[in-house]
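Asker: Quick check, what structure comes out for this input:
(chains A and B)
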Amino acid sequence: MAVKRMIKYEVERDPQFAGWVAGVIGGERIRNCIQCGLCSASCPLSPYMDHTPRRLIHMAREGFKREVLGSFTIWLCTSCYSCTVECPRRIRVTDIMYALKRRAIEDGVYPKRFPIPVLASEFGAMIRRKGRVTESWLILRVFLKTAIFRLLGMSKLGSKLFFSGRMGLVPESIRDRKQLQTLLDAVETHKEVAA
Amino acid sequence: MKRYLYYPGCSLRGTGKAYEESLLAVFKALDVELEELEDWNCCGATAYMAIDEMNAFALAGRNLALAEKKKLDLVAPCSACYLVLNKAQRYIKEYPKVARLLEHGFKAAGLTYTGTAKVRHPLDILIHDIGVDQIKARVKRPLAGLKVAPYYGCQIVRPYATFDLMYYPVSMDKLLRAVGAEIVDYPLKTRCCGGSQKGTLPEVGLSLIHILLKEAGRRGAQVVSTICPLCQFNLDAFQDEAGKKYGEVSMPVVYFTQLLGLAFGFSAKELGLERNIVPAKRVLAKFEPAAA
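Answerer: The predicted structure is shown next:
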């Protein structure tokens, strides 16, 4: 067994990352966290996480960038808002999780072939094109990119859904796609200007 | 006659079709008119916020801008839609940087946003605008003896709703009691169903699904009543798989509007009950109208 240093030195932390977290929408009160653990206790996904929400919040505000962005925790969050509602310091934990997901995708550090970021980006692409989501196509595209074998295993359920009329294959779309795209593009352009 | 704008959202046009069918039937029976919001777009759900925050607000914002022109309250039955639309409105107000950025977008797209649209849930409308007495008066076939676990899931009373209790909501309980059903105490009523985790991390999603179903059975429920298309889909479509992995469960999962509709005298077909994967007939057949 190799002996390994388990604790970080001050200089190895990333103060810029800590500052960034405190500046995201929902992160403004992160320094008020008293580490009570109500977020972790109320989180239905805690048992599966490598770092519980309480720990992740602490690591994030102290600048443990690599550990936080590489954590499974952020991808396990289902946005059920239990933590946000429970937090006695009114920290919007769910919003912080969203910000960490976006940062991990931007920095390209999410686990490869991990389907959650794939679902998110396929979802986004579909909305940009059509303005609406057609669930059947979305599921199909995600599985094709991540777990084609599991898709085959689901053919029985798929056909049941199809025959009960719950899996329409006709793609949904809005009429004024141009308006939506203009809106999204304009927000994007000004975001870059503001940054 | 009461009138509202109606925002179906993507799920009610797909896997949650039965929610739309039963909701429209119930509202019509109560003399409430729903006008579909013209050219509505996807709310962005939980996924879009993980890619682009400002555009997620913009997506919701377009719907809110379209709605406010009509000067009617907007009814959003899907929990994700309800949450996202309310959250966007709240954050545009709370965070000037969001408001400033969206203003550029709205202007370019020829939209006007003032933040006056009111986004509401069918539970809120039924309890507060219609009232339990009206609903009672409309009952043709009481659901006597039917034991129901009322399952609200997350994203409806959490974190922004004000129409019900955040930790232990009771609006659906009251509605179902009004049509004669018996409500079992179900402490997991606001616990998360796993959302899209079933698709992405199956073992995690299945476990959450199984806990919810098993507990409903243990509490004596014959049927679980939901208010969200994703909850219904998870608990219904993956019940078989969850049962195989974590132990046999058999529990029909329906929309609360389907139960109200049955009590109002609609047929299983009119309410989309035949679309269930776990058949609901076993427990609901006796409340269906006799075949003509």
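Asker: Quickly find the element holding the closest residue to A:H190 other than its chain neighbours.
Answerer: Using Cβ to Cβ, 6 or more residues apart in numbering or on different chains and skipping the chain neighbours, the partner closest in space to A:H190 is B:H104 (4.3 Å). (Each C-beta comes from the backbone N, C-alpha and C, glycine too.) Assigned by DSSP states H and E, B:H104 belongs to helix B:96-108.
Asker: and if you look at B:A290?
Answerer: Counting by DSSP H and E, B:A290 is held by no secondary-structure element, helix or strand.
Asker: any idea how far it is from B:G265?
Answerer: Separation of B:A290 from B:G265 (Cβ to Cβ, to the nearest Å) stands at 11 Å.
Asker: and what of B:C43?
Answerer: In this view, B:C43 and B:G265 are 33 Å apart by Cβ to Cβ.
Asker: Of the two, which one has the most company?
Answerer: Remark: of B:C43 and B:G265, B:C43 carries more neighbours, 28 against 15, as counted by other Cβ atoms under 10 Å in any protein chain shown.
Asker: so B:K245 sits right up against B:H210, yeah?
Answerer: Yes: counting by Cβ atoms under 8 Å, B:H210 is a contact partner of B:K245 at 7.3 Å.
Asker: what about the two, which has more around it?
Answerer: B:H210 (21 against 14).
Asker: mind checking pLDDT for that one?
Answerer: As predicted, B:H210 sits at a pLDDT of 97.
Asker: Test my guess that it contacts B:Y246.
Answerer: Yes: between B:H210 and B:Y246 there is a contact under Cβ under 8 Å: 4.2 Å.
Asker: Run a quick neighbour tally on A:L38.
Answerer: When neighbours are counted by other Cβ under 10 Å, A:L38 registers 18.
Asker: Which residue ranges make up each domain of chain A?
Answerer: Using automatic domain parsing, the domain ranges for chain A come out as A:13-107, A:115-194.
Asker: Lowest mean pLDDT across the ones you listed, which one is that?
Answerer: Among these, domain A:115-194 carries the lowest mean pLDDT (a mean of 82).
Asker: for that one, the distance to its chain's centre please.
Answerer: Mean-position distance between domain A:115-194 and its chain equals 16 Å (Cα atoms, centre = their mean, to the nearest Å).
Asker: Could you do stretch A:96-103 as well?
Answerer: 6 Å.
Asker: ok, now stretch B:92-111?
Answerer: 28 Å.
Asker: outside of it, which residues touch it?
Answerer: Applying Cβ atoms under 8 Å, 6 or more residues apart in numbering or on different chains, the contact partners of stretch B:92-111 are A:25, A:179-180, A:182-187, A:189-191, A:194, B:54, B:57-58, B:61-62, B:65-66, B:91, B:112-113, B:115.
Asker: Would you mind checking those residues for buried ones?
Answerer: Buried by 16 or more other Cβ atoms under 10 Å in any protein chain shown: A:25, A:179-180, A:182-187, A:190-191, B:54, B:57-58, B:61-62, B:65-66, B:91, B:113, out of those.
Asker: Spell out, range by range, the helices that occur in chain B.
Answerer: In chain B, the segments counted as helices under DSSP state H are B:17-29, B:53-70, B:79-94, B:96-108, B:122-124, B:132-138, B:171-178, B:197-200, B:202-218, B:229-237, B:239-246, B:256-263, B:281-284.
Asker: Show me what the lengthiest helix in chain A is packed against.
Answerer: Longest helix of chain A, by residue count under DSSP H: helix A:177-194. When contacts are defined as 3 or more Cβ pairs under 8 Å, 6 or more residues apart in numbering or on different chains; DSSP states H and E, helix A:177-194 packs onto helix A:115-130, helix B:53-70, helix B:96-108.
Asker: among those, which is nearest A:M167?
Answerer: Closest approach to A:M167 among those (Cβ to Cβ): helix A:115-130, 15.7 Å.
Asker: tell me the angle whichever helix or strand comes after the closest one makes with helix B:229-237.
Answerer: Going down the chain from helix A:115-130, the next helix or strand is helix A:135-146, by DSSP H and E. If you take axes from the mean of the first three to the mean of the last three Cα atoms, to 10 degrees, helix A:135-146 sits at 70 degrees to helix B:229-237.
Asker: what sits up against helix A:135-146?
Answerer: Taking Cβ under 8 Å, 6+ apart as the rule, helix A:135-146 contacts A:113-115, A:118-119, A:122-123, A:126, A:150-151, A:154, A:167-169, A:171, B:10-11, B:14-15, B:199-200.
Asker: ok, the most centrally placed residue in chain A - contacts?
Answerer: Of all residues in chain A, the one closest to the mean position by Cα atoms, centre = their mean is A:K101, 3.9 Å from it. Contact analysis of A:K101 by Cβ under 8 Å, 6+ apart lists A:74-75, A:77, A:117, A:120, B:50.
Asker: secondary structure class for it?
Answerer: Of the three states, A:K101 takes helix under DSSP: H, G, I helix; E, B strand; the rest coil.
Asker: Got phi/psi on A:I7?
Answerer: Dihedral pair for A:I7: phi -120, psi 140, per degrees, to the nearest 10.
Asker: tally of neighbours for it?
Answerer: Neighbourhood size, A:I7 [other Cβ under 10 Å]: 5.
Asker: Can you read off the pLDDT for it?
Answerer: Note on A:I7: pLDDT of 83.
Asker: if I look at it, how far off is B:M1?
Answerer: As judged by Cβ to Cβ, A:I7 and B:M1 stand 68 Å apart.
Asker: near chain A at all, the lowest-mean-pLDDT helix or strand in chain B?
Answerer: In chain B, no helix or strand scores lower on mean pLDDT, DSSP states H and E than helix B:197-200, which sits at a mean of 76. Yes: Helix B:197-200 reaches chain A (Cβ under 8 Å from any Cβ of the partner chain) through B:197, B:199-200.
Asker: Who wins on neighbours among those?
Answerer: When these are compared by neighbour count (other Cβ under 10 Å), B:Q197 ends up highest, at 27 neighbours.
Asker: Could you find the closest non-adjacent residue to that one?
Answerer: B:G205 (3.9 Å).
Asker: Perfect, that will be all.
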